[in-house]
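[1] test case, fold it:
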Amino acid sequence: MISTSDLPALNATFNLVSTIFISTGWYFVRRGAWRRHMVCMIIALASSVCFLIGYVTYHARVGEKSSGYTGWLAGVYFPMLASHVLLAFVTLPLVILTLVPVFRRRWDRHKRIARWTIPIWLYVSVTGVLVYLMLYKWFPPPPH
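    Here you go, the predicted structure:
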């Protein structure tokens, strides 16, 4: 059974899986292997949906975890966190806007939107893993 305290690590794992498959899917599409691209992107999407469910569940139960960071650590962590959160809000509608043309077989439109979606989605998934590592593994805040 998964407990609430397991969710941050599980969510980071989902972000890592998304990172791997977004990158691999990007690699395949640039080489014309669209079927492999499609499989990778479906896995990345499924993993991101699992992340989102776990993230909402965790924060609904626990709330926000304050880092308490100061100095150089705050100078690294907070800009990364801010850009991660802002771009995460952009990612969901971008992914949807990228998927809709696929179902309509509008490859030109899909490609045009995906040029923006993939790097932003990749950035959000990578920084999600880094935020987790900083907050829970590398520099955990002292217990209150």
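
[2] need the next SSE after whichever strand or helix holds residue 42, C-terminal direction.
    Element membership of residue 42 [criterion: DSSP states H and E] is helix 34-62. As assigned by DSSP H and E, the chain's next helix or strand after helix 34-62 is helix 71-103.

[3] got the angle between that following helix and helix 34-62?
    130 degrees (axes from the mean of the first three to the mean of the last three C-alpha atoms, to 10 degrees).

[4] quick one: average pLDDT of helix 71-103?
    What helix 71-103 shows for mean pLDDT is 96.

[5] sort out which residues of it are buried, please.
    Neighbour counts over helix 71-103 (16 or more other C-beta atoms under 10 Å) mark 77, 81, 84, 87-88, 91, 94-95, 98-99, 101 as buried. C-beta here means a position set from N, CA and C on the backbone, and glycine is covered the same way.

[6] counting by contacts, list what that helix packs against.
    On a contact count with 3 or more C-beta pairs under 8 Å, 6 or more residues apart in numbering; DSSP states H and E, helix 71-103 meets helix 34-62, helix 107-132.

[7] what's the angle from it to helix 107-132?
    Going by the same axes, to 10 degrees, helix 71-103 makes 150 degrees with helix 107-132.

[8] sorry, back to before: may I see the helices and strands packed on helix 71-103 arranged in a markdown table, with mean neighbour count, mean pLDDT and distance to residue 28 as well?
    Below are the helices and strands packed on helix 71-103 laid out as a markdown table (neighbours: other C-beta atoms under 10 Å; pLDDT from 0 to 100; distance: least, C-beta to C-beta, whole Å):
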| stretch | mean neighbour count | mean pLDDT | distance to residue 28 |
| --- | --- | --- | --- |
| helix 34-62 | 16 | 96 | 4 |
| helix 107-132 | 18 | 97 | 12 |
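
[9] same list, the ones you listed, but as a markdown table with distance to residue 13 please.
    Below are these laid out as a markdown table (distance: least, C-beta to C-beta, whole Å):
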| stretch | distance to residue 13 |
| --- | --- |
| helix 34-62 | 9 |
| helix 107-132 | 9 |
